[in-house]
Every structure is written in C-alpha cells, then in structure tokens.
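*Asks:* with the sequence up front, the predicted model follows.
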2 protein chains.
Amino acid sequence: MSELPADVALMWRLRDPGRRGPKPSLTVEDITRAAIEIADAEDLAAVSMARVAERLGNSTMALYRHVKSKDELLVLMSDAALERPSPLPDDVDWRTGLTLWAEGVLVAIRKHRWYSKLPISGPPAGPNNLAWFDSALGALEDTGLPEEAKVGVVMGLMTYVHGEIRLSLDLAAGFADNPNAFSRYGAVLSRVVDPRQLPALARVLDAGVFESVGNFEAESGEDFDFGLQLYLDGVAGFIDRVCQAG
Amino acid sequence: MSELPADVALMWRLRDPGRRGPKPSLTVEDITRAAIEIADAEDLAAVSMARVAERLGNSTMALYRHVKSKDELLVLMSDAALERPSPLPDDVDWRTGLTLWAEGVLVAIRKHRWYSKLPISGPPAGPNNLAWFDSALGALEDTGLPEEAKVGVVMGLMTYVHGEIRLSLDLAAGFADNPNAFSRYGAVLSRVVDPRQLPALARVLDAGVFESVGNFEAESGEDFDFGLQLYLDGVAGFIDRVCQAG
DNA sequence: TCCTTACTGCGTATTCGCTACGCTAAATAG
DNA sequence: CTATTTAGCGTAGCGAATACGCAGTAAGGA
C-alpha cells in the first residue's frame, strides 16, 4: 500500500487519528473554511497565512502544523469551495443533462469569484471535484460511447466551461471598476485598429458590435450558452458517428 | 480626444517623444523583453522587478519610470510574448483556417510555457493579440455570418483553445516532476473512489482509461484536436442554420 | 551663454508575505 | 512515572513591491 499524496489524503480526511500529544485546537477544515471566507469577502490576494490565522484566533505558524505550505492550502480550497452537484434527474437525455451540469458548475463557481484565479495543480482529485466529474460522466451513460471517449468529451467540456467562467468573471471585475468599460473597449479599439492591417476586426468595429451597453450579466450568460451549445452540437455528431460505426 | 488606458498606449508605442531631460537609457521594450527572457529561462515566479533590473544592468527603481507597476509589466508581457500570426492561406475554407489558427496559437504559446499563468486583465487590446483576433475573424469572412456571430464563435474558440493549453501545460509540468504521475493518477483514484458514490467514474477506472502511460505530449495533442473538432462541428451546424434561415 | 524646467536614474526605507527553526507544554504509551 | 510524540507559537531570515525624494542631465528660452 503506497502512500497517497499529502493533499489528496487531506481532502479525503484520511489521517490516522494521532494519539499522543495535545488535542489539536484547529482542524484542516477550519483553516480551509477561514481561507475561503476571506477570499469570498475580499479577494484571493487577501488570503495570507497571517490573515487566516488571525481570523481563527491563532498564530500564523500554528497553521503549518496542519498544512504543509500555502500552495497546499490553495489546493484544499479548490476542492472545498465547490459544493456537491445536485444529482441530475434520471429521465433526461445526455444533452439536457450536460447543459444542467454546466449551469450547475456556473452557479457553484459564481459563489466564489476568486475560484478561477487558483493555479491549476493537477487533474481533479478531491471529493467534490470528482463528484462533479462523475456527474458529467453519468450524463453520458446511455450514449453507448466507450469510456475513454466519455472522458475526452467531459474533459473538453470542463475546459470550455472553466475557461468561459474565468473569462467572464474577470471581465465582470473590470466592468465593476468602470461601468462603461465595455463600450469604451469599442472606442479604444477604433482608435488603434488600422483597417489596412486588421481588416476583419475593422469590419466588426464598423458594425458596432462592441458598442452595445446593455446588461453585462445577461449578455455574458448568453455567450456562455452559445458556446456551450456549439460544443454540444459537436458532441451529438460524434455520438451519432460512433454509434453508427459500432 | 479622450485618453487611452496607459497599458494600451504602451503596447502600441504611442507616446509623445518626451522633449526635455536626459535620454532614457531604457525602453519599455527592453524591460518587457528582459522579463520574458527570465520567465522563459526559469518561471513566471522568477520575474521580479529586481531580477529584471539586474539583467538590464539598472537599479530596481529605474524600471518604475517606464512601467507603472508590475501588473502593468505583466500586461505588456502578455502581448509581447505572442508573435504575429502568419497569414492564413487565401484559398482555404473557414474550417481549415480555424484549425490552422488554433494550431498556430498552440505553437506560439508553447514557446512561453508561463503564458497561461498570467492573470487575465481584460479583453485583447495589444497589437499582437488583436492580430490573432483579426486572423480568426478573417477565416470566417466568407461564411456569411453576421459580424456579431463571428465574434461569438471566435470568442468561444479562444476560450476553448486557451483553456486547453493552460490545462495541458500545467499537467505537463506535473508530469515532468514525476514521470509516472499519470498512471499514478489512476492508482490514486481507485484507492479513493467508492463505486457506490461515484459509479460512472468507477466504470472509467475499471476500463483502465487512466493507466495507459504512453507518450504524454502526443496524447495531449490528440485531446486538443479532439475537442477542437467537436467545437468546429458545432460551428458548422450553426453556419448552416444561419445561412438557411437568412 | 546661462538659467529654467522637465525628466531620468536610483538609494533608502517601509511594508508585507512565506516559512525554517526551536522552545514549551500537553497528552498518551508503556 | 517516564519517555515520546505532537500542538502552539515567538523569533527571525529572506525576498518582493513600491512610495519618496534627491541629484544630475538635456532641451528651451532669455
């Protein structure tokens, strides 16, 4: 029985209950929760070991008895911040299932706007992340795809969904700083784009695409769904192809 | 004539050539180039103002005459690190064009493995980023899509491509640290996944999907192309639908 | 020519972050 | 009761970003 990586063991709460020594007054979960609360209230950049310890009424160095480094804490946060997915209804087709799934991810991450600023440490390994992974795979159960293809489809979907969320949250942050940033973007580009050198972009600007002010939240939701449905269209074609061949 | 944002002005080299005072011994391009060289050779984390200044034979604080903050420097790096796209051949259809485009982005970013660790500061605004944007829009020129739809398609594509690159570069980094990390991943999961709670994932593990060791580079390239083609399948359907309706 | 003025380079110092190290005290095993 | 393990934490080292102000330099104007 080889050792599991330390962060995985922590996320799954697999620790031989240490016998000797004083009772811990802190748990890893406390630390993770406190860090998440700070990030929620302020920013990921506001999460320092000192701030977390202060919020728990402990000294900075006490945290290092429970967490090897700040990076490890970030890994723990990346699993703990996601709540479990609610189970998909049994009677929906794969496409509805994956759409619901994607919207669920969106809802879950929107509660923690710092989430997509976390560094990627590796493939999903914590209980919550794996539960989401499982949920998406489950939606493909009746498609008849081979397991490896399911993994490919779900990986691509995760990439798209996380990328889109990252982008829209970051743009939303810039938007909050400066409410007319979006229409201003069109103005800046038209000052700088030379139609000789960037003709296609110039046509887009002429068409006024970046001038609509509108409701930013709503528009970014539309973009999210638009790209998602394109990807799912592709998946549908892929499933047809595989199943006719099989 | 309203002011452009400072970073945009710097990226486009729009600065009234200062008249009085000593000749600058540094330029913004020097600074940006030095920072990129450090990041290439070591890591994005190795880029500190002190290191950049040292490499240029200047003092740390001298940099601040040319760059407002380190964040601004990162923005400059994010444009300067991308070389211009080579023009797409004139006679290819949109799909071939976008595939070439995506591969070009992949090649360009692979030269700077720190690229996807940069924080997103906003929509593309520098000359190189906009050239890539223009290039992708140009590939859709003959499709008859309205300009706004082209933008949506390209935005989704950028999201997917950048997300996939980010993921694959980060996994590759973990892989370099520990060459059997991938097969180890399967072992870790099977230790931790309960088939009762995560049945779909357990089936994937049983099928041995995470046990192939193989050539990691090649496999990640396949995944990249697989997801890309799924997305482009979706775009093809979208174009058909729009053009039939129009 | 000489002064004014704007601008560059840079030394100093502050503030903040992560974390190695080692001490003290607590709790348990034998 | 003693030895051992472990928790909390104070101190200190190191490195990073950057505010501030001084000194020297080159152009414009008299």
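*Replies:* Sure thing, it's come through.

*Asks:* can you pull the residues of chain A lying near DNA strand D?
*Replies:* Chain A comes close to DNA strand D at residues A:18-26, A:58-62, A:64-66, as judged by C-beta under 7 Å from any atom of the strand. In this view, the C-beta of every residue, glycine as well, is placed from N, C-alpha and C.

*Asks:* count of neighbours near the residue of chain A found nearest DNA strand C?
*Replies:* Distance from DNA strand C to each residue of chain A (C-beta to the nearest atom of the strand) is smallest for A:Ser48, at 3.2 Å. Neighbour count for A:Ser48, taken as other C-beta atoms under 10 Å in any protein chain shown: 13.

*Asks:* ramachandran coordinates for it?
*Replies:* Dihedral pair for A:Ser48: phi -120, psi 160, per degrees, to the nearest 10.

*Asks:* for it, give me the pLDDT.
*Replies:* With respect to pLDDT, A:Ser48 scores 98.

*Asks:* distance of it relative to A:Trp114?
*Replies:* 14 Å (C-beta to C-beta, to the nearest Å).

*Asks:* which ones are touching A:Ser116?
*Replies:* A:Ile109, A:His162, A:Ile165, A:Arg166, A:Leu169, A:Asp170 (C-beta atoms under 8 Å, 6 or more residues apart in numbering or on different chains).

*Asks:* give me that answer again for 6 Å
*Replies:* Taking C-beta atoms under 6 Å, 6 or more residues apart in numbering or on different chains, we find A:Ser116 in contact with A:Ile165, A:Arg166, A:Leu169.

*Asks:* give the contact list for the residue of chain A closest to DNA strand C.
*Replies:* Per C-beta under 6 Å, 6+ apart, neighbours of A:Ser48: none.

*Asks:* so where does the spatially most central residue of chain A fall, helix or strand?
*Replies:* For chain A, A:His162 is the residue whose C-alpha lies nearest the centre (C-alpha atoms, centre = their mean; 4.6 Å). According to DSSP states H and E, A:His162 maps onto helix A:147-177.

*Asks:* is that helix anywhere near chain B?
*Replies:* Yes: judged by C-beta under 6 Å from any C-beta of the partner chain, helix A:147-177 and chain B are in contact via A:Glu147, A:Glu148, A:Val151, A:Gly152, A:Gly156, A:Thr159, A:Tyr160, A:Gly163, A:Glu164, A:Leu167, A:Asp170, A:Gly174.

*Asks:* next, the angle helix B:147-177 makes with that helix.
*Replies:* Comparing the axes of helix A:147-177 and helix B:147-177 via axes from the mean of the first three to the mean of the last three C-alpha atoms, to 10 degrees yields an angle of 120 degrees.

*Asks:* before we move on, the earlier item: report the two of the residues of helix A:147-177 next to chain B separated the most.
*Replies:* A:Glu147 and A:Gly174 (41.0 Å; C-beta to C-beta).

*Asks:* tell me where chain A has helices.
*Replies:* For chain A, the helices defined by DSSP state H cover A:6-11, A:28-41, A:49-55, A:70-80, A:94-110, A:127-139, A:147-177, A:181-192, A:199-206, A:216-245.

*Asks:* tell me which of those is the most buried.
*Replies:* Highest mean neighbour count among those (mean count of other C-beta atoms under 10 Å in any protein chain shown): helix A:127-139, with a mean of 22.

*Asks:* phi, psi of A:Trp12?
*Replies:* The phi/psi pair for A:Trp12 (degrees, to the nearest 10) is phi -90, psi 10.

*Asks:* how about it, what does it touch?
*Replies:* B:Val192.

*Asks:* wait, doesn't A:Met147 sit right on B:Leu205?
*Replies:* No Met there; residue A:147 is Glu. No: A:Glu147 is not in contact with B:Leu205 according to C-beta atoms under 6 Å; the separation is 8.9 Å.

*Asks:* rewinding a little: now, which of the contacts of A:Ser116 sits nearest B:Leu82?
*Replies:* Nearest member of the contacts of A:Ser116 to B:Leu82, counting by C-beta to C-beta, is A:Arg166, at 18.7 Å.

*Asks:* sounds good, over and out.
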